[in-house]
Structure formats: structure tokens, C-alpha cells
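S.K.: okay, here's the prediction I keep looking at, along with the sequence it came from:
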Amino acid sequence: MLYLVRMDVNIPHDLPAEQAQEIKAREKAYSQDLQRDGRWQHIWRVAGEYANYSVFDVESNDELHGLLQALPLFPYMKISVTPLAQHPSAIAQN
Ligand SMILES: O=C(O)C[C@H]1C=CC(=O)O1
């Protein structure tokens, strides 16, 4: 199942810079592991915003929720999820 996910990141200004860097490093490693195993298929920066659009390919709502909840930046994110279905005019099937 495919999901379009938007993540808006809002790290509090009073979080020590060193701690923020450590969380971002863990986030990057976690994200890249999921990209390598194919479940995090795309990640795009929203131009001009500390936000991304991502596409996940997972088995269920519960699997997606588990992956998102485990993001190191999860406590500092607003996340919106859009389930994707096949478009009848698409020439490529996913
Ligand atoms: O920078 C972001 O958009 C937030 C987050 C999502 C993956 C990652 O490495 O960082």
C-alpha cells in the first residue's frame, strides 16, 4: 500500500543545538535504512520550508504508523498521511 506523507518539522528553539544535531543524525540513518529496504520510496524537500513529502510502501496503516512513530524527530513533527490508490489513466502500475 502506498502513502503520501507530509512531515513538517518544528524543533523548539530552546532545544540545545548538540541535542538537535544528534536527533537529526539518527533521523537520517533511520530514514536511509528504510529507503534501502524499499519502504520509504521517495523523499522530497518542500522548497523553502522545513518539511518534506515522502512516499511509503508498506503493508498496512499499522505498519506505517509504527514507522512514523519511531522517527527520532517524531516529537517535533506534524505529520499528515494520504493513502494512494491507482489512477485509471496511469500508464505505469506500482
Ligand atoms: O528533514 C526532514 O524533512 C525531516 C526528516 C525526514 C527524514 C530525514 O532525514 O529528516
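M.R.: It's in.
S.K.: who in this protein is up against the ligand?
M.R.: Residues of the chain lying close to the ligand (C-beta under 6 Å from any ligand atom) are M7, V9, E27, K28, S31, I43, N52, L73. In short, each C-beta sits where N, CA and C put it, glycine included.
S.K.: average pLDDT for the helix or strand containing the fourth one, rounded please.
M.R.: Going back to what we said before, that points to K28. For K28, the element it lies in under DSSP states H and E is helix 17-36. Here helix 17-36 scores 98 as its mean pLDDT.
S.K.: who does it touch, helix- and strand-wise?
M.R.: strand 40-45 (3 or more C-beta pairs under 8 Å, 6 or more residues apart in numbering; DSSP states H and E).
S.K.: returning to that earlier point: can I get the buried part of the residues of the chain next to the ligand as one PyMOL selection?
M.R.: Entered in PyMOL, the line below selects the buried ones among those, by 16 or more other C-beta atoms under 10 Å:
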select buried, resi 7+9+27+31+43+52+73
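S.K.: so who does A20 touch?
M.R.: A20 makes contact with I11, according to C-beta atoms under 8 Å, 6 or more residues apart in numbering.
S.K.: can you give me the buried ones in the helix holding K28?
M.R.: Taking 16+ other C-beta under 10 Å as the criterion, helix 17-36 shows I23, E27, Y30, S31, L34 as buried.
S.K.: how much space separates the residue nearest to the spatial centre of the chain from A17?
M.R.: Geometric centre of the chain, nearest residue: S54, 5.2 Å, by C-alpha atoms, centre = their mean. Distance, S54 to A17, by C-beta to C-beta, to the nearest Å: 26 Å.
S.K.: circling back to that earlier point, which members of the buried residues of helix 17-36 are the farthest-apart pair?
M.R.: I23 and L34 (16.5 Å; C-beta to C-beta).
S.K.: send me stretch 38-45 as PDB with only the CA atoms.
M.R.: What follows is stretch 38-45, C-alpha atoms only, in PDB (Å, rounded to 0.1, in the frame of the first residue of the first chain):
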ATOM      1  CA  GLY A  38      12.300  -0.100  -0.100                       C
ATOM      2  CA  ARG A  39       9.600   1.000   2.400                       C
ATOM      3  CA  TRP A  40      10.500   4.700   2.100                       C
ATOM      4  CA  GLN A  41      10.400   5.100  -1.700                       C
ATOM      5  CA  HIS A  42      10.700   8.900  -2.100                       C
ATOM      6  CA  ILE A  43      11.600  11.900   0.000                       C
ATOM      7  CA  TRP A  44      11.400  15.400  -1.400                       C
ATOM      8  CA  ARG A  45      12.100  18.700   0.400                       C
END
